[in-house]
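Undergrad: with the input below, show me the fold.
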Amino acid sequence: MILLKHSLFFTLIWVCSFGSLSASAREAPQPVSKAFLMGKFIPGKHPDFVKVNKRYASKGLYLQKETYSAFKAMYQAAKQQGVNLTIRSGTRNFAHQKAIWERKWTGKRLVSGMNLAKSIKDPVKRARMILHYSSMPGSSRHHWGTDIDLNAFNNRWFESGKGLKIYNWLRQNAYKYGFCQVYSKKDVNRPVGYDEEKWHWSYLPLAGAYTDLSMKMLTPQDFSGFKGSDTAGSISIIKNYILGVNPACK
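TA: Prediction:
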């Protein structure tokens, strides 16, 4: 199978297989640069990205066109079954992720109620603390325009009431549209990486190829230009975080 850009045919094949594609069967939709994988571009000026209509999102954001088309199909199906999906976050480029990261690194934004600049002096430990939920700049799946955060940034919200209804619907149906929960609960099958995020869903027909390319093209030395970047090698940013995803989403 070949990954064809904007191809519903590929999505249907992936759905029918009820599984992920092998690395050898995945191919990038077009030549992909290291800069793209690391989010070093402006989504609004990239030809493959489109602004999401406010009907689907809580704020103005961008996604890749193919991701957006798949989401709209999923949105309509969910709507017909009384489930309302709202995108809370989409594409975040390097500059956006750097701002989030550095606010936590410097203590301007608290993490678990702590000012990390004061409470954790060791840079590697501080980086790992931030990495419970926030990606290091250059390593986020949100760079690719393939990943979306839905409805709420709180696992507990998805465990009862409306949140549970939404989560159950996604677990039963999101794969039909190419989406997978990449950050599942940590266990023996996923011992490393970010903590569980029930809100984070990835469009695998594109993201699968980008994951493979990140493994092949990126090195710890590529991570620079932000505070704490020199910890990338010590924390194994590629192996433990870019590749530390739900096995069902590989």
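Undergrad: leaving out sequence neighbours, find the closest residue to the most centrally placed residue in the chain.
TA: Nearest to the mean C-alpha position of the chain, by CA atoms, centre = their mean, lies Arg141 at 3.7 Å. Once flanking residues are discounted, Arg141 sits nearest to Asp147: 4.3 Å by CB to CB, 6 or more residues apart in numbering. Bear in mind the C-beta positions are built from the backbone N, C-alpha and C, glycine included.
Undergrad: burial measure for the one you found, as a count.
TA: By the other CB atoms under 10 Å criterion, the neighbourhood of Asp147 contains 26 residues.
Undergrad: quick check: it touching Gly208?
TA: No. Using CB atoms under 8 Å, Asp147 makes no contact with Gly208, being 11.9 Å away.
Undergrad: surely Asp149 is within a strand?
TA: Yes. Counting by DSSP: H, G, I helix; E, B strand; the rest coil, Asp149 is located in a strand.
Undergrad: in which helix or strand would I find Gln172?
TA: helix 161-173 (DSSP states H and E).
Undergrad: for that helix, which positions count as buried?
TA: 163, 166-167, 169-170 (16 or more other CB atoms under 10 Å).
Undergrad: what helices or strands is it leaning on?
TA: The helices and strands touching helix 161-173, judged by 3 or more CB pairs under 8 Å, 6 or more residues apart in numbering; DSSP states H and E, are helix 65-80.
Undergrad: which residues touch the helix it packs on?
TA: 5-7, 11, 29, 48-50, 52, 56, 63, 84-85, 87, 145-146, 148, 166, 169, 173-174, 176-179, 203, 205-206 (CB atoms under 8 Å, 6 or more residues apart in numbering).
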